[in-house]
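> how does the following fold in three dimensions:
(2 chains)
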Amino acid sequence: MSFYPQSPDHVPADRLIDFDFFEVPPGVTDPVEIWHGLVKRGAPPIFYTPRNGGHWVFLRYPDIAEAYRNYEIFSTHKAQIPPLEPYPVLQPNGVDPPQHDVFRKILAPMFTPLAVRRMTEGLQHRAEGLISGFAGKGGCDFVKDYAAKFPTGTFLELFGLPEERLSEFLRISDTFFRSTDPDVRAANLLEIFAVLEELFREKERNPGNDIASTVVQSRDAEGNPFPWEDIINCGFLLFVAGLDTVTNTMTYVWRYLATSPDARQKFRDRLDDPSAFLLAIEELMRINAVSNIYRRVTHDCEFKGVQFRRNDRVVLPNTVANRDQSMFKEPQTIDLDRKVNNHVTFGLGPHRCIGSHLAKREIMISLQEWLRQIPEFELDPNQDAESVFGGPVMGFTSLKLRW
Amino acid sequence: MRVIANMNLCQGHARCEDLCPEVFSTDAVEGKVVIEQPEFPPELEEKVRLAVRNCPEGALRIAKGAVE
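The predicted model follows:
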């Protein structure tokens, strides 16, 4: 904290902290500690760090909630941290209302609670198949054997792609989410876009009953197709948003359950009561918020008494908002019967995670099926010490379980 | 008592539907709240209040009397 790289002159010294949210401090075994360490050491509720290109961090629930809703100041457009250009403009997430509404409306019917309930059988089938593959083996690496495969397989199904491509997609998504080598990343991005290009071209020729076909066949108000780039970037968004987030949330949930016999018992007791099961899942969504969300300030302004400049970046750490004691009674306690739980794990406002209902159902069905086949399990004492990572999505590259 | 929704605030979190499906559902197009039973019976009051308090957008509220 003694030396700061140069910071913009609108940032007062008392709001400056040397903080790198990609970096896991030595000895930290849970990446959320990257953030909660800050709160404990009394960081100002709105502060600036010069790391990663320089950005603000909000730590209070009300400020984070307001930033989510106030897209006129806090835009999702070109909000990458560190600033990265050119970067594809994700559709619809990378644009703000009213442009945002166009692709949001195309996607929305496929992700409503009703649409997601209709996916139940397919999700159950997938969960059952994956778990029965290792249930008799006495242990697994949860990340590799389940948490990566399940959402990726679901993605393939929703996009009308054959199951045989699972290993290819696991490979490209693993590189996309975990590689830090710029050359590898650049080649990987090209590969993803080539795959999406081929996929949408194929669905344009032979449409099916899947998300890719719906997106490619959609038309604007005048009946014209959307720009090809937007279609590809919509596919890219669903790839970026729906895989790693679910993988890491699941890993957090299983990591917790492996160490909590009471929680396992509570979930097993609720196997025949889906609404009580879902309520308990909601608390695990609050406590295991893996995403730290980016925004870009659209114009010079004052917000909560702090001066912001146009193009300043902001990080909204959901895990911090979700443990704000002004909003949550005993925020550090995991209470599977919590009555009021307005967590921001899926964001708020117009950009609220469109896949939230699918994500919750993926986790719920996975856990139900897991507990039926593997009612008791624990952490393997031999964990990979290097498995923890921070960044926009936090998590673990490995979680060894045994039973 | 009646429960009312501000559709400009609703973003389709569907927490209300999860907590009190007797009164709330969501539509098939945008996934936003549909109040099936605006004038709910007293036995559902506790569940409705819980749903209102759990709306992350603060889009729901309870109004006294039949019509405001």
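> what is the mean pLDDT for the helix ranked longest in chain B?
When chain B is scanned for its longest helix (criterion: DSSP state H), the result is helix B:45-53. What helix B:45-53 shows for mean pLDDT is 97.
> likewise stretch A:192-210?
Here the average pLDDT along stretch A:192-210 is 96.
> low-confidence stretches in the chain?
I'll assume chain A. The model of chain A has pLDDT under 70 over residues A:1-6.
> please go with chain B instead
B:65-68.
> rerun that using 50 as the cut-off
Within chain B, the segments meeting pLDDT under 50 span B:68.
> now it against chain A: closest residue?
Nearest to chain A in chain B, going by CB to the nearest CB, is B:G31, at a distance of 3.5 Å. Heads up, the C-betas are built off the backbone N, CA and C, glycines and all.
> that residue touches B:G12, doesn't it?
Yes: contact status for B:G31 versus B:G12: in contact at 3.9 Å, counting by CB atoms under 8 Å.
> overlap of the contact sets of those two?
A:A108, A:T112 (CB atoms under 8 Å, 6 or more residues apart in numbering or on different chains).
> dump the C-alpha coordinates for the longest helix of chain B into PDB.
These are the backbone C-alpha positions of helix B:45-53, laid out as PDB (Å, rounded to 0.1, in the frame of the first residue of the first chain):
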ATOM      1  CA  GLU B  45     -51.300 -12.700   3.500                       C
ATOM      2  CA  GLU B  46     -48.200 -13.900   5.200                       C
ATOM      3  CA  LYS B  47     -46.900 -15.500   1.900                       C
ATOM      4  CA  VAL B  48     -47.800 -12.400  -0.100                       C
ATOM      5  CA  ARG B  49     -46.000 -10.200   2.300                       C
ATOM      6  CA  LEU B  50     -43.000 -12.400   2.100                       C
ATOM      7  CA  ALA B  51     -43.000 -12.200  -1.700                       C
ATOM      8  CA  VAL B  52     -43.300  -8.400  -1.600                       C
ATOM      9  CA  ARG B  53     -40.300  -8.200   0.800                       C
END
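> which residues in chain A form strands?
A:46-49, A:55-58, A:74-75, A:139-141, A:292-297, A:301-303, A:306-308, A:313-317, A:378-379, A:388-389, A:395-396, A:400-402 (DSSP state E).
> residue numbers of chain B in contact with chain A?
Residues of chain B that fall close to chain A, judged by CB under 8 Å from any CB of the partner chain: B:11-15, B:17-19, B:21, B:26-31, B:50, B:53-57.
> which ones among the residues you listed lie within strands?
Going by DSSP E, the strands hold B:T26 from those.
> just the buried residues from the residues of chain B next to chain A, in PyMOL please.
A single PyMOL command selects the buried members of the residues of chain B next to chain A (16 or more other CB atoms under 10 Å in any protein chain shown):
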select buried, chain B and resi 11+12+13+14+15+17+18+19+26+30+31+54+55+56+57
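> give me the subset of the residues of chain B next to chain A lying in helices.
Counting by DSSP H, those place B:R15, B:E17, B:D18, B:L19, B:L50, B:R53 in helices.
> can you report how many residues neighbour the closest residue to A:M394 other than its chain neighbours?
With sequence-adjacent residues excluded and distances taken as CB to CB, 6 or more residues apart in numbering or on different chains, A:M394 is closest to A:P31, at 3.8 Å. Neighbour count of A:P31, defined by other CB atoms under 10 Å in any protein chain shown: 23.
> any idea how far A:P31 lies from A:F47?
Distance, A:P31 to A:F47, by CB to CB, to the nearest Å: 20 Å.
> how about B:L50?
For B:L50, the distance to A:F47 - CB to CB - is 36 Å.
> on that earlier part again, now the strands of chain A as a markdown table including distance to A:G27?
Below are these laid out as a markdown table (distance: least, CB to CB, whole Å):
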| stretch | distance to A:G27 |
| --- | --- |
| strand A:46-49 | 21 |
| strand A:55-58 | 22 |
| strand A:74-75 | 34 |
| strand A:139-141 | 23 |
| strand A:292-297 | 21 |
| strand A:301-303 | 35 |
| strand A:306-308 | 32 |
| strand A:313-317 | 20 |
| strand A:378-379 | 18 |
| strand A:388-389 | 10 |
| strand A:395-396 | 16 |
| strand A:400-402 | 20 |
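> ok, which residues in the stretch 1-150 of chain A are in contact with chain B?
A:K105, A:A108, A:P109, A:F111, A:T112, A:P113, A:L114, A:A115.
> top of the residues you listed by neighbour count?
A:F111 (24 neighbours).
> just checking, it touches A:R352?
No: look at A:F111 against A:R352 with CB under 8 Å: they stay out of range, at 10.8 Å.
> what two of the residues of the stretch 1-150 of chain A next to chain B are the furthest from one another?
A:K105 and A:P113 (16.8 Å; CB to CB).
> about what we covered before: could the strands of chain A go into a markdown table alongside distance to A:K266 and mean neighbour count?
Listed next are the strands of chain A as a markdown table, based on distance: least, CB to CB, whole Å; neighbours: other CB atoms under 10 Å in any protein chain shown:
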| stretch | distance to A:K266 | mean neighbour count |
| --- | --- | --- |
| strand A:46-49 | 38 | 22 |
| strand A:55-58 | 33 | 24 |
| strand A:74-75 | 38 | 24 |
| strand A:139-141 | 23 | 18 |
| strand A:292-297 | 29 | 21 |
| strand A:301-303 | 41 | 13 |
| strand A:306-308 | 42 | 18 |
| strand A:313-317 | 28 | 24 |
| strand A:378-379 | 17 | 14 |
| strand A:388-389 | 27 | 19 |
| strand A:395-396 | 23 | 26 |
| strand A:400-402 | 19 | 19 |
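> among these, which comes closest to A:V184?
The closest of these to A:V184 is strand A:388-389. By CB to CB, the value is 16.1 Å.
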